[in-house]
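1. Quick one: sequence plus predicted model below, questions after.
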Amino acid sequence: LIPSPQTATARVLVREAAVLCGCDWFTGCMQAVNPAVQVQWHYSEGQLMQPNTDVCHIQGDARAILTAERSALNFLQLLSATATITRRHADVVAQATSTSHTNANSEDNGKASCIVLDTRKTIPGLRQAQKYAVRTGGGHNQRMALWHGILIKENHIAAAGGIAQALARARALHADVAIQIEVENLEQLELALQAGANSILLDNFTPAAMRQAVTQTAGRALLEASGGLDLATLREVAATGVDRISIGKLTKDVLAVDLSLYTSDAADDLTRVDRGGRRIFKKNYTPQPSPHLPCLPHQTFHYMTLPP
């Protein structure tokens, strides 16, 4: 369809506020097809993008740009979405812990703020990329894989015969990695503390139970909250005094950021590819002036689904 060689200019437009993440993946896809393709970014990695603004401009072989378009956008949409949802959670936690520390007694003011962690609940094949996106969004990485740390869960405890026995077996491995044990109530928490646990995961605790756990632990172990947490409850959980909050939805419940790539062909400027891969006319869209691309001002278009 596209004669070669033919040079084209294109741009990527973002339609919603989002944190940019995945520039290297996007550029890598383009240059894997043709190393001469150039990408000029208008936002930096980790920067908040404003709706209906240009993210980048692309210059190079038209066939290469259109060949790499879908893969490049897939990476950029997914990683930006992961970074964006992480930023929202991290901001809520930071505000909550900042307020709680301000109101706390002076003896507690030296305690580090609570942090947001990811989990291993990632899209298959994209764990390293998504964990990078979490860091870009202001979160922190939990274990990369099973070998990166020992997490003793309820099934391990049952198989080992109890909390103390499970911890003893884990230490006997001399694996030189962190050991964390999961507890489901305050009684199990006390057993873990008596067995010398220094990192404890509070699974599905209520905020009230978390506050009791913080008081009961009294700094003897690192406390991590997990299970069923969302933005609606996050502020209250962060204010309980736990050290970390792990959230699986940062990487597993991700809605791609709405990005579109347009070539310099004015006709193509009137359409976009939606999340389902369909090319559609833009709804009430007036192309914005650009120093690099032609536009058609004063024209409005409505949705009309075309064959893929």
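-> That came through fine. Numbers count the residues shown, from 1 in each chain.
2. contacts, neighbours, all on C-alpha from now
-> OK.
3. so where's the stretch 201-308 of the chain uncertain?
-> Low-confidence segments of the stretch 201-308 of the chain (pLDDT under 70): 265-308.
4. Could I get the full set of strands for it?
-> With strands called from DSSP state E, counting those that start in this stretch, the stretch 201-308 of the chain shows them at 222-226, 244-246, 259-263, 271-273, 279-281.
5. what about the longest helix in this structure?
-> Longest helix of the chain, by residue count under DSSP state H: helix 62-103.
6. What's the first helix or strand after that helix?
-> Later in the chain than helix 62-103, the nearest helix or strand by DSSP states H and E is strand 115-117.
7. Which strands or helices does that next one pack on?
-> In this structure, strand 115-117 makes packing contacts with helix 62-103, strand 244-246, judged by 3 or more Cα pairs under 8 Å, 6 or more residues apart in numbering; DSSP states H and E.
8. Output those in CSV; the columns should cover distance to Asp253.
-> As requested, the helices and strands packed on strand 115-117 are exported to CSV (distance: least, Cα to Cα, whole Å):
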stretch, distance to Asp253
helix 62-103, 9
strand 244-246, 14
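9. With Gly161 as the reference, name the closest of those.
-> strand 244-246 (26.7 Å; Cα to Cα).
10. buried set for stretch 48-63?
-> By neighbour count on 16 or more other Cα atoms under 10 Å, the buried set for stretch 48-63 is 48-50, 52-63.
11. Just the terminal-to-terminal distance for it.
-> This stretch, stretch 48-63, spans 31 Å end to end (Cα to Cα, to the nearest Å).
12. what's the average pLDDT for that stretch?
-> Per-residue pLDDT values over stretch 48-63 give a mean of 97.
13. List the residues that contact Ala238.
-> The neighbours of Ala238, taking Cα atoms under 8 Å, 6 or more residues apart in numbering as the test, are 93, 96-97, 114, 245.
14. Kindly report the same for Ile200.
-> Contacts for Ile200 (Cα under 8 Å, 6+ apart) come out as 180-183, 189, 192, 221-224.
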